[in-house]
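>>> I would like the atomic coordinates for the input below:
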Amino acid sequence: MGAKIKGAGTNKIEIEGVKKLKEISYNIMPDRIETGTFLCLAAATGGHIELQNVNPLHVTPIITKLEEAGCLITKDKSNIRIQAPRKLKAIDIKTMPYPGFPTDMQSVFGAMLTTAKGTSMIIENIFENRYKYTQDLNRMGAKITIEGKTAVIRGVRRLYGATVKASDLRGGAALVVAGIMAKGVTVVENIEYIFRGYENFERKLRGIGANIEITGFGD
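I've put the predicted structure just below:
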């Protein structure tokens, strides 16, 4: 576009103003967190789905951990296919800056791992106070304990529906995943958080078999 910028790949960006920028055509990259959320949803429910128009390279650490949990994943340039086992295996996760495991995926993985076989551990190295969602998961029957920046998740047989409340975007998405996993009806409140990061979320979920509806939003 004609901008004068230097410092890519460093911790200092220098921008020199110019008189005018020119028009260009640009394609926005696929959302790696949305990609990871749907992969985890399939894994959490023993599902088999194909995600199209994604970039597998952007979700390499997510794919690696899902494979470690027992999922079979195949991919090509812009598609990912996942076949989940009946029961996931417990895994350990440490969030890291890109290209490491993304902090925005740890809550969704936390929900997914509530019913995995064994004890999983998540270490949150990026942000503080990202485990609020675990209180609601425990109300649904999960066994999660928090020790500083570490969450210890002891797998249970199943989750049960409850009324829960999203306290942030990714934690809210984790509660939706847990609700789909759970026996009975789950009501997730404060869903305005979730819609900040997922477009047509409920429509896409219904498209792959979830029994979900939106009530009261925007009234």
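>>> pLDDT below threshold where in the protein?
217-219 (pLDDT under 70).
>>> go again using 90 as the cut-off
9, 129, 215-219 (pLDDT under 90).
>>> any chance you could map the helices in it?
32-44, 60-68, 106-112, 133-139, 169-181, 201-207 (DSSP state H).
>>> just those: most buried one?
Most buried of these, by mean neighbour count (mean count of other CB atoms under 10 Å): helix 106-112, with a mean of 29. No exception for glycine: its C-beta is placed from N, CA and C like everyone else's.
>>> what's it packed up against?
Using 3 or more CB pairs under 8 Å, 6 or more residues apart in numbering; DSSP states H and E, the elements in contact with helix 106-112 are helix 32-44, strand 119-123, helix 133-139, helix 169-181.
>>> Redo the helices of the chain as JSON lines? Include distance to residue 118.
Shown next, in JSON lines, are these (distance: least, CB to CB, whole Å):
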{"stretch": "helix 32-44", "distance to residue 118": "15"}
{"stretch": "helix 60-68", "distance to residue 118": "12"}
{"stretch": "helix 106-112", "distance to residue 118": "13"}
{"stretch": "helix 133-139", "distance to residue 118": "17"}
{"stretch": "helix 169-181", "distance to residue 118": "17"}
{"stretch": "helix 201-207", "distance to residue 118": "28"}
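>>> rewinding a little: can you put the helices and strands packed on helix 106-112 in JSON lines and add distance to residue 78?
Shown next, in JSON lines, are these (distance: least, CB to CB, whole Å):
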{"stretch": "helix 32-44", "distance to residue 78": "11"}
{"stretch": "strand 119-123", "distance to residue 78": "29"}
{"stretch": "helix 133-139", "distance to residue 78": "31"}
{"stretch": "helix 169-181", "distance to residue 78": "23"}
